[in-house]
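Participant: Here is my input, please return the structure:
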Amino acid sequence: MTNPDRASRGVWRRVSDAWYRVLCFLMMVALAALLVPVSLQIFSRHTSFVPTYIWTEEMARLMFIWVIMIGAMVGMRERSHFVVDVFPELSPRANARVELLAGLATLLFAMIFLWAGWEFTQFAFNRISELAELPLWTIHIAWPVLGASWLLFHGEHMVEMARIAAGGAPTTPPLGVEPH
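Facilitator: The predicted structure follows:
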């Protein structure tokens, strides 16, 4: 790699690492927040001292969607979301070529999520949910964020695979693995 390529690769890696850490924190917060409305629903059904709140169902749905989407983003970064071993053990270059070919489909889906997700979000800009009156764009924006994150994380992986397919050595540490 030339020095400008190496420098831009370093920026990409730093941005990717920072976004990954933010996503891990947000997933923890979203999962903890999901426990609140679900717990209120459970306790209100089985006890008389907790009133039945209508907003809890919509809030639980919002947090559930975000937990799933953030989990899919983190899974892409950790290379655990769309990994299926079909081929026998191949050489690093052959494996990189197979991953490049298969990775094109993943990048296509990421672009679809980004583009169609943005249209989906625009549709919800001036709408609110019926019971909790949540702005619906806060739910819909999860799809384009997912697509952009997949492009960031999988694009980083594809650049690495292209480098290996061209005869370069794998970088250390591998993508998705934090150095100790």
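
Participant: low-confidence ranges in this structure?
Facilitator: Low-confidence segments of the chain (pLDDT under 70): 1-9, 81-84, 172-180.

Participant: so where's the longest helix in it?
Facilitator: What stands out as the longest helix in the chain, according to DSSP state H, is helix 3-46.

Participant: got the contact list for the very next helix or strand once past that one?
Facilitator: Beyond helix 3-46 on the C-terminal side, the first helix or strand identified by DSSP states H and E is helix 55-77. Here helix 55-77 makes contact (CB atoms under 8 Å, 6 or more residues apart in numbering) with 16, 20, 23-24, 26-27, 30-31, 33-34, 36-38, 40-41, 44, 81-82, 106, 129-132, 134, 138-139, 142-143, 145-146, 149-150, 153-154, 175-176. (C-beta placed from N, C-alpha, C; glycine too.)

Participant: Next, the angle helix 3-46 makes with helix 55-77.
Facilitator: 150 degrees (axes from the mean of the first three to the mean of the last three CA atoms, to 10 degrees).

Participant: quick thing: my sequence starts at 8, can you match it?
Facilitator: Renumbered: residue one is now 8, and that last one reads helix 62-84.

Participant: got the buried residues for stretch 111-122?
Facilitator: Neighbour counts over stretch 111-122 (16 or more other CB atoms under 10 Å) mark T113, A117, F120, L121 as buried.

Participant: Closest one of those residues to T59?
Facilitator: Proximity of these to T59 (CB to CB) peaks at F120, which lies at 36.0 Å.

Participant: Just the element for the closest one, please.
Facilitator: helix 99-130.

Participant: I'd like to know which elements the helix or strand following that helix is packed against.
Facilitator: Moving toward the C-terminus from helix 99-130, the next helix or strand (DSSP H and E) is helix 144-147. When contacts are defined as 3 or more CB pairs under 8 Å, 6 or more residues apart in numbering; DSSP states H and E, helix 144-147 sits against helix 62-84, helix 99-130.

Participant: Tell me, how many residues neighbour the nearest residue to L38 once chain neighbours are set aside?
Facilitator: Closest residue in space to L38, ignoring its immediate chain neighbours: V74 at 5.4 Å, by CB to CB, 6 or more residues apart in numbering. By the measure other CB atoms under 10 Å, the count of residues near V74 is 20.

Participant: for the one 4 residues further on, same thing?
Facilitator: G78: 15 surrounding residues under other CB under 10 Å.

Participant: What's the separation between it and A176?
Facilitator: Here the criterion is CB to CB, to the nearest Å. By it, G78 lies 32 Å from A176.

Participant: before we move on, what about F120?
Facilitator: 32 Å.
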